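Engineer: My questions concern the predicted model and sequence given below.
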Amino acid sequence: MNYTYSPGWTTAVREVIIGATPDEGGTRRISYRIGGEQDLPFIGSSGHKPLIAFEICDDPAIWPEVVRCACTKLIDRPADWAAYADTVLRADLIRINLTSTKRRNFSDFDGVIKTVKSILAATSLPLLIEGSADLEIDSEVYQRCGEAGQGERLVLGTAEAARYRSVAAAAIAYGHCVIAQSPIDVNLAKQLNILLREAGVADDRIIIDPYTGALGYGFEYTYSTMERIRFAALKGDMDLAMPLISAPSDSLTVKEVRESVYSHEAAIAWEVATSVAAALAGAVILVVRHPGSVPPLKEAIDTLWTEKEGV
Amino acid sequence: MALKALDIYKLLPKKNCKECGDQTCLTFAMKLAQGKGEPDACPYLDDNAKAVLGASTRPPIQKITIGMGSRAFTVGEEFVFYRHEKTYYHQPGIVYLISDMDTEESIREVARQVRENCLTRIGIDLLLNGVAVRADSGSGEQFSRAVRIVSEGGDLPLVLIAPDPAVMEKALEICGNYAPVIGPVTPDNVTEFCEFARKYGVTLVLKGDDLPGLATLSEKCLSQKVQNLMLDLSGSSGRYVREATLTRQLALSREVTAFGYPVFMDASESGLSGVVTGIAKFASVIVTPPLQKPEMDAALVMRQNIYTDPQKPIQITPGLYRIGTPGKDDLVFLTVNFSLTYFTLQGYLEATRRSCWLLIVDTEGMSVLTAVAAGKLNEFVIKDAITLFKLADEVNHKTLIIPGYASPLSGRIEEVSGWNVIVGPRDAAEIASFIEEELKV
Ligand code: B12
Ligand code: SF4
């Protein structure tokens, strides 16, 4: 006798393609399909394996201290840092956080674009670009990033309810995907997806970021929100049937990590623990910042993914 | 399948004699339907009613207590699949594994870690739960030696892992009466282990080759009147997640009552990520080799997060709190009644080694930023708290220091309450330097 249980799912999560190979009009050596799940995380035979993105930045001043120590030689050289994440850490994706744009009175748009281009040249992995956080400069930042990566199917972020038009416009104009972030709430996630659709972003270009509260500081809300989004999607809510991304970067700055005598071990443990739980709740892109987090997280995802066929 | 209240009512004697403690047979039936009562409370059930109700009104997942005394822990008795449906009730025990081949010192050291390690977060002590002893030697003497060393303290709940009944018996002679969990129970040793369960009242961990094999074992134990069972779903994390998900669904829907028992997980191969997988996905006992301190902390905090009741954030009572022994001239800080905020802030205030007042206002358990965003922290709430907790009677001045994240409220607080406001730093870690450098007191 074989046991089965049918929770009454009707819908699959949408597939989103990120990155573009030469065949697809880009220059990446690989492109990924994410999403496509027809059941709960790691159950059933559908969907695509979660990916690990390593996040770097172009201005390390606001980067977590513990990561600055772990990446000392690379911290001021984003292109080399990206190459290292690709060839040494073997991350699946690279995310560049344009922290320089978050400085007051930022105006060096040319510099930022140079950085983006140098990273595109330094790694042939698909790229996520985390842009500015200021309405005033959003338009210019996203337009120029979008243009610099035309054809590459970048993932641009972050769209929020209060400021999504610039990201959306750049994604539409240059054929990229968008990360839609809302503060840990199913309904807000849904509303933002609707806003993006109305702005012209195709549903299969949206990735939901329900915001990852730090472990010990609100992570349980994130965990349940992810489960609820996934549940709603499988039950047929097409406004929520987009793949989920989780970036547990807040966990790197909590007291328990900052004040630990084993700060690197703590950073890795907290990042990996949060990422694994996020994957179990439904996240399919896991973004980490500490280089030591990539290998154990990769192994964890591999073991969760193995023997996926049949129970 | 779960019985509805009316179906249960039909099986009851309908005497309305109140001996079960309920006013009527119907209210008793409603209670049973919610899994909240024991059928045995009614002394007049006939055999048929007992048989039907016994299987279907106990909680969908059996409740089991492991160990004795202050460190004993209870698992099972869960009602939901997703934590957001209600809450998860009984957090999994994290149990450190030792081998009976380990040296006496190393066994003592692991027992000491389990006994003494304690991470205090938001006023709650997060502890490890017990020790698992595995019989790698194959010798009953060797096994019981290791078990004796761990049992010396007489406090830690035990998991005994030895498939050979002869070896197991040696250990049970030492600790059988302290409610350990024992296993693995397989078709080969099930008869002897059921014997142990009846003699000592221990809990059995059932290990089948696959889920059907596991169900057969579980039914076999029940037919031998052994009901304290756990299901061993160890294996690769992927297989674990699938089996744990499926058994949880089938147990909750009561489609397969043979799966209505807490889950046992051996995470010794997968380390921290395995432990996290067990915490998130329904494990009740997780066995792992001793973890490094940072990993242990992460696991304990993850468990605390996942097992927090989603309907009510952990809160503390609003009021005027004292840090140290403050006097009339000391500083007054304001914050919200979210436990996490309070305990974080308290830690940093104590570290300044100066006495002060802490006015805690009711934001329904929301953090500062969340409460500001939701409008729960506002000038009126603050004014009311000042009056209610008689702040003016305790201090000689009229100055409040508010959290940095509440800065947009500062003007309105001054207007409405008549108190002066100083905006503090956003991060409580900076409070000491703020007091010295900004306030210069
Ligand atoms: C978990 C969380 C939630 C939980 C609630 C948790 C809770 N019990 O409060 C949930 C999911 C319910 C939630 C809901 C909302 N949230 Co929310 N949430 C968070 C999150 C991730 C963490 C908050 C937290 O627990 N912090 C930890 C505690 C300890 O921090 P704290 O209270 O601020 O205390 C610190 C300092 O303030 C300081 N401090 C405290 N007291 C004092 C006193 C003095 C004198 C001083 C000097 C310092 C000081 O010390 C502490 C340690 O440094 C934050 C994001 C983030 N990273 O902060 C968003 C966040 C606060 N939420 C946000 C929003 C918008 C909301 C919602 C309005 C969204 C919605 N769904 O409608 C709702 C509002 C609630 C409602 N309407 O029901 C925004 C706020 C935006 C803004 N800048 O105003 C944030 C920043 C997320 C974001 N980036 O968009 N949220
Ligand atoms: S004890 Fe039995 S008969 Fe009496 S009221 Fe309760 S259920 Fe009815």
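Structural biologist: All right, it came through fine. Residues are numbered from 1 along each chain as shown, chains lettered A, B, ... in the order given. Ligands and ions are numbered 1, 2, ... in the order given.
Engineer: can you give me phi and psi for B:R322?
Structural biologist: Main-chain torsions, B:R322, degrees, to the nearest 10: phi -110, psi 130.
Engineer: Who is it paired with across the strands?
Structural biologist: Legend: beta-bridge partners of B:R322 under DSSP bridges are B:W357.
Engineer: So B:P163 lies in a strand, does it not?
Structural biologist: No. Secondary structure of B:P163 (DSSP: H, G, I helix; E, B strand; the rest coil): coil, not part of a strand.
Engineer: Where does pLDDT dip in the stretch 51-200 of chain A?
Structural biologist: Residues of the stretch 51-200 of chain A meeting the criterion pLDDT under 70: none.
Engineer: Longest helix of chain A, counting residues only.
Structural biologist: In terms of residue count, the longest helix belonging to chain A (DSSP state H) is helix A:263-281.
Engineer: what about that one and ligand 1, any contact?
Structural biologist: No. Using Cβ under 6 Å from any ligand atom, we find that helix A:263-281 stays clear of ligand 1, coming within 12.2 Å at best. C-beta coordinates here come from the backbone N, C-alpha and C atoms, glycine included.
Engineer: Could you identify the helix or strand that succeeds that helix?
Structural biologist: Scanning forward in sequence from helix A:263-281 by DSSP states H and E, the next helix or strand is strand A:283-288.
Engineer: and that following strand, which strands flank it?
Structural biologist: Here strand A:283-288 is paired, per DSSP bridges, with strand A:51-57 (parallel), strand A:244-246 (parallel).
Engineer: Give me the residues contacting it.
Structural biologist: With contacts defined as Cβ atoms under 8 Å, 6 or more residues apart in numbering or on different chains, strand A:283-288 is touched by A:34-35, A:37, A:47-48, A:50-55, A:93, A:95, A:128, A:207, A:226, A:243-249, A:271-272, A:275, A:278-279, A:294, A:297, A:301.
Engineer: The residue nearest the centre of chain A and ligand 1, how far apart?
Structural biologist: The centroid of chain A falls nearest to A:I245 when counting by Cα atoms, centre = their mean (4.6 Å). Applying Cβ to the nearest ligand atom, to the nearest Å, the value for A:I245 to ligand 1 is 15 Å.
Engineer: tell me which helix or strand of chain B sits lowest on mean pLDDT?
Structural biologist: Among the helices and strands of chain B, helix B:47-57 carries the lowest confidence by mean pLDDT, DSSP states H and E, at a mean of 72.
Engineer: For stretch B:238-252, buried residues please.
Structural biologist: Neighbour counts over stretch B:238-252 (16 or more other Cβ atoms under 10 Å in any protein chain shown) mark B:238-252 as buried.
Engineer: picking that back up, next, the angle strand A:51-57 makes with the longest helix of chain A.
Structural biologist: 140 degrees (axes from the mean of the first three to the mean of the last three Cα atoms, to 10 degrees).
Engineer: Helix A:263-281 near chain B anywhere?
Structural biologist: Yes. Helix A:263-281 is in contact with chain B by Cβ under 8 Å from any Cβ of the partner chain, via A:265-266, A:268-270, A:272-274, A:276-277, A:280-281.
Engineer: those strands in the stretch 51-200 of chain A, which residues are they?
Structural biologist: Secondary structure of the stretch 51-200 of chain A (DSSP state E, counting those that start in this stretch): strands at A:51-57, A:93-97, A:127-130, A:155-159, A:177-181.
Engineer: Point me to the residue of the stretch 1-150 of chain B nearest chain A.
Structural biologist: The minimum distance from the stretch 1-150 of chain B to chain A, using Cβ to the nearest Cβ, falls at B:H84 (4.2 Å).
Engineer: Does anything pack onto the one helix or strand B:F143 maps to? Which helices or strands?
Structural biologist: According to DSSP H and E, B:F143 maps onto helix B:140-151. Helices and strands touching helix B:140-151, as assessed by 3 or more Cβ pairs under 8 Å, 6 or more residues apart in numbering or on different chains; DSSP states H and E, comprise strand B:93-99, helix B:104-116, strand B:130-134, strand B:158-161, helix B:165-175.
Engineer: And the residue of chain A that's closest to ligand 1?
Structural biologist: Residue of chain A nearest ligand 1, by Cβ to the nearest ligand atom: A:G218 (2.6 Å).
Engineer: Quick one: distance of stretch A:73-88 to the chain centre.
Structural biologist: 18 Å (Cα atoms, centre = their mean, to the nearest Å).
Engineer: same deal with stretch B:233-244?
Structural biologist: 21 Å.
Engineer: Please enumerate residues in contact with it?
Structural biologist: So stretch B:233-244 is contacted by A:41-43, A:280, A:300, A:303-308, A:311, B:207, B:211, B:247, B:263-267, B:269-270, B:273-274, B:277-278, B:281-283 (Cβ under 8 Å, 6+ apart).
Engineer: Skipping its backbone neighbours, what lies nearest B:F343 in space?
Structural biologist: Spatial nearest neighbour of B:F343, excluding adjacent residues (Cβ to Cβ, 6 or more residues apart in numbering or on different chains): B:I122 at 4.7 Å.
Engineer: surely B:E295 meets B:G274?
Structural biologist: No. Taking contacts as Cβ atoms under 8 Å, B:E295 lies outside contact range of B:G274: 11.0 Å.
Engineer: coming back round to it: and the pLDDT for the residue of the stretch 1-150 of chain B closest to chain A?
Structural biologist: Per-residue pLDDT puts B:H84 at 95.
Engineer: Let me know how buried it is, in neighbour terms.
Structural biologist: Each residue near B:H84 was counted by other Cβ atoms under 10 Å in any protein chain shown, and the total is 18.
Engineer: tally of neighbours for residue 265?
Structural biologist: Since you didn't name a chain, this refers to chain A. A:E265: 18 surrounding residues under other Cβ under 10 Å.
Engineer: Please refer instead to chain B.
Structural biologist: B:M265: 30 surrounding residues under other Cβ under 10 Å.
Engineer: beta partners for it?
Structural biologist: The partner residues for B:M265, given DSSP bridges, come to B:I286.
Engineer: Distance check, it against B:L291.
Structural biologist: Using Cβ to Cβ, to the nearest Å, B:M265 is found at 15 Å from B:L291.
Engineer: Go ahead and confirm B:N16 touches B:D22.
Structural biologist: No. Contact criterion Cβ under 8 Å: B:N16 and B:D22 do not qualify, at 9.2 Å.
Engineer: When the two are compared, which one has more neighbours?
Structural biologist: Neighbour count, other Cβ under 10 Å: between B:N16 and B:D22, B:D22 has more, with 18 against 14.
Engineer: Which secondary structure state is assigned to that one?
Structural biologist: coil.
Engineer: For B:K36, see how far away it is.
Structural biologist: Taken as Cβ to Cβ, the span from B:D22 to B:K36 is 11 Å.
Engineer: so who does A:V257 touch?
Structural biologist: Going by Cβ under 8 Å, 6+ apart, the list of residues near A:V257 reads A:66, A:251, A:263, A:266-267, A:270.
Engineer: Ramachandran angles for it?
Structural biologist: When quoted as degrees, to the nearest 10, the phi and psi of A:V257 stand at phi -90, psi -50.
Engineer: Disregarding flanking residues, what is the spatial nearest neighbour of it?
Structural biologist: In space, and not counting its chain neighbours, A:V257 is closest to A:A266: 4.5 Å by Cβ to Cβ, 6+ apart.
Engineer: Neighbours of the one you found, how many?
Structural biologist: A:A266: 26 neighbours (other Cβ under 10 Å).
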